[in-house]
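> would you be able to build a 3D model of this:
(3 chains)
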Amino acid sequence: MLNPQQQAAVEKTDRPLLVLAGAGCGKTRVITEKMAHLIRTRFCSPDGMFAITFTNKAAKEMKQRAMQMIQGGEGLNISTFHSLGLRLMQQEIAHTQFHRGFSILDASECQKVILSLLPKGFKKELANQLQWQISGWKNAGLKPEQVETTVPMAAEIYQQYLNYMVNINAMDFDDLILRPLWLLNGHQEVRERWQQRIDYLMVDEYQDTNTSQYQLIKTLMGQGNHLTCVGDDDQSIYGWRGAQIENLQLLQRDFPRLAVVKLEQNYRSSSIILQAANEVIKNNPHPFDKKIWSDLGEGEPINITAYQSAEEEAEQVVTDICFQKRVNLKNYSDYAILYRSNHQAKLLEQALRINNIPYQMSGGRSFFDYSEIKDLMAYIRLLANPRDNSAFLRCINTPKRGIGMQTVQQISLIAKHQGKSFFQTCSESQILNELSPSAKQKVTAFVHLIQNHQQMKTTADKVLTSLVSQIDYINWVNISANNKTAKINKTKLVRDFLKWVDAIGSNKSFNMEELMNYLSLQTSQEEENKEDAVKMMTLHAAKGLEFEHVYLVGVEEGILPHANSLADANESNDAVEEERRLMYVGITRAMRRLKVSYVKKRKKRFQDDNSDTFSGPSRFLDEIPAELTHGYHQKNLTVEQQKANNKKNFAALKALFEE
DNA sequence: GACAGAGCGGTTTTT
DNA sequence: CCGCTCTGTC
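Sure, this is the predicted structure:
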């Protein structure tokens, strides 16, 4: 049953609508119900229905829910912003400067591209800075002639970067929003076609949109009655990526007939948890006033505990999970450990492993960050897009085939001179005569290897398997790994990747281009949903999820709020406010039980012992009223008292196991 | 000209 | 602790 506000949000179809939905107030439910409603009432057809999310996970979940509810749900267009942009570019490729099979470059490759555009002698640092700046401009929807900067040459580099990416037929993530936007703005016919095609547009997590994404929404909407945006200003945690909370107000300006519905009844958490969340977020300024509540009962007080060290924190959290699971007979998957940054996961992971507790970590080091996966992705890209110089540079001497820097530099010079891509340069044999005979022969062998596989008339997974065996890649991984565990891990990594590709291939029969596109927008390996495992993730990754038991660890000044947010706090409080929202997101993930902890000393990163730091419990802990907690008084316990407490807990647990 | 081994510097959050 | 840069060797 929907409550009256939810019902109103579902049935409001004659105006653009903004749904301000507090955490756990059923916003995904409203979106899917609304889709069902619109289709049932023939307001729009499934293929005119577009829903946009920010993460693959959210898109997948929404699809699943919609499928259960809606007949003909296969036709629905539910995707992330970026994959919608990709699709638009592919379908309208004839109207762009790009060619079929364009690549998508990840951040580290983009940095290399920028570095290569700088005059000799400039260091990575500058490239990094420029990359950051350019990304900011792209997120703001700015063209090089519109930007203002104090960094000399930055605008020129931006222009060169845009041109170079066209030349190598590649885009970065920001381009997937920006290029479609520019295309629609520049082509009336294309714009109108898409506006007609979209009967209704839903945007989830609207508070996370940046300026270019907002412009894209606006452009796609045209007149704009058939738009529903769902968001929560208190959960805006992507400001660093250009997200503008102001977009919530802009909606009111740009769509004067906008209706606003607030969802405040929470169906997730017990009321003490919600009170704590409200109290914390109260310390931020609020354009829209909103207070979430639930009738699920008071529930347990929040537990706030201080530990002596991060090691102890990890041990005790794991001990507590064992204890709780034993008492409550819940599944491991009802427990989540949440943290501000990925490196915090390490100790927790160890503790879980020692205690033989199954766990599933999302995020962390992305699957696609491993050099082995990057290698294989580069091969896939080169096969699908021979113009991709970045992929070429990675493949040309991996595994080592005796083609070194000198040769590559020569090729690069010739290519620049001829205005051709690296691969094309290499495939025209007379051009290579400037190279030494031995180099020429090696390069030619490489070109043949790639060409042979480009011409194979079979599915992408089979082509890749053939290529991997021909370059003897597994063997190369074994040679280059310097210890036994690395050998095993990396071999497994490669085999997992191939297995995954195989699985994709067997149910979709992709060609190389389709495989590349699919993989390029994935951030992690398809999670074989480990049935019963403790979930570990960053606060960013946890948004949208819920767990019976939540452990929020490392809630210390310098971590949450993060040190960098404190550094520029004197200029504005924006950064700390965003950290507070992160805290809010963390608290509101918990359904029944929330355990927050901080540690008294923490090893400084990359340093040996005896360099512990203590920056104190987070300011956000002081914002939680004492009467909602049991245990925050532990802040004032002596070391001995705390040790005694921990001992007692441990003894109780042990007794339980020995029963 | 290519490559292996040794030293150094750098961690917020992600599509 | 891992990947990149510098150096000496083949």
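> for chain A, which helix is longest?
Ranked by residue count under DSSP state H, the longest helix found in chain A is helix A:484-508.
> near DNA strand B, anything from it?
No: shown here: helix A:484-508 not in contact with DNA strand B (CB under 7 Å from any atom of the strand), separated by at least 12.9 Å. Backbone N, C-alpha and C define where each C-beta goes, glycine included.
> check which helices and strands that helix is in contact with.
Other helices and strands packing on helix A:484-508, by 3 or more CB pairs under 8 Å, 6 or more residues apart in numbering; DSSP states H and E, are helix A:371-384, helix A:460-470, helix A:473-480, helix A:512-520.
> per-stretch mean pLDDT over these, give me the minimum one.
Of all those, mean pLDDT reaches its minimum on helix A:473-480 (a mean of 86).
> may I see the buried residues of that helix?
Buried residues in helix A:473-480, counted by 16 or more other CB atoms under 10 Å: A:473-474, A:476-477.
> check those one by one and keep those near DNA strand B.
Near DNA strand B, taking CB under 7 Å from any atom of the strand as the test, no member of the buried residues of helix A:473-480 is found.
> and the residues you listed, which is closest to DNA strand C?
Nearest to DNA strand C, judged by CB to the nearest atom of the strand, of the buried residues of helix A:473-480 is residue A:477 at 11.7 Å.
> so what's that closest one up against?
A:372, A:487, A:490-491, A:494 (CB atoms under 8 Å, 6 or more residues apart in numbering).
> switch the cut-off to 10 Å
A:371-372, A:375, A:399, A:486-487, A:489-491, A:493-495 (CB atoms under 10 Å, 6 or more residues apart in numbering).
> do residue A:87 as well
A:77, A:79, A:176, A:180, A:517.
> which SS class is it?
Put simply, residue A:87 is helix when judged by DSSP: H, G, I helix; E, B strand; the rest coil.
> state the distance from it to residue A:165.
19 Å (CB to CB, to the nearest Å).
> please apply the same query to residue A:157.
From residue A:157 to residue A:165 the distance is 12 Å (CB to CB).
> same thing with residue A:541?
Counting by CB to CB, the gap from residue A:541 to residue A:165 is 29 Å.
> for the helices and strands packed on helix A:484-508, state which one has the densest average packing.
Per-stretch averages of neighbours, counted by mean count of other CB atoms under 10 Å, single out helix A:371-384 among these, with a mean of 22.
> quick check, it touching DNA strand B?
No: with CB under 7 Å from any atom of the strand as the criterion, DNA strand B is not reached by helix A:371-384; the gap is at least 13.6 Å.
> that helix vs helix A:473-480, what angle?
For helix A:371-384 against helix A:473-480, the angle by axes from the mean of the first three to the mean of the last three CA atoms, to 10 degrees is 140 degrees.
> does helix A:371-384 come close to DNA strand C?
Yes: applying CB under 7 Å from any atom of the strand, one finds helix A:371-384 touching DNA strand C at residue A:371.
> other SSEs contacting whichever helix or strand comes after that helix?
Sequence-wise, the next helix or strand downstream of helix A:371-384 (DSSP states H and E) is helix A:389-395. Identification of packing neighbours for helix A:389-395 by 3 or more CB pairs under 10 Å, 6 or more residues apart in numbering; DSSP states H and E yields strand A:103-104, helix A:107-117, helix A:154-167, strand A:170-171, helix A:371-384, helix A:405-418, helix A:422-427, helix A:437-454.
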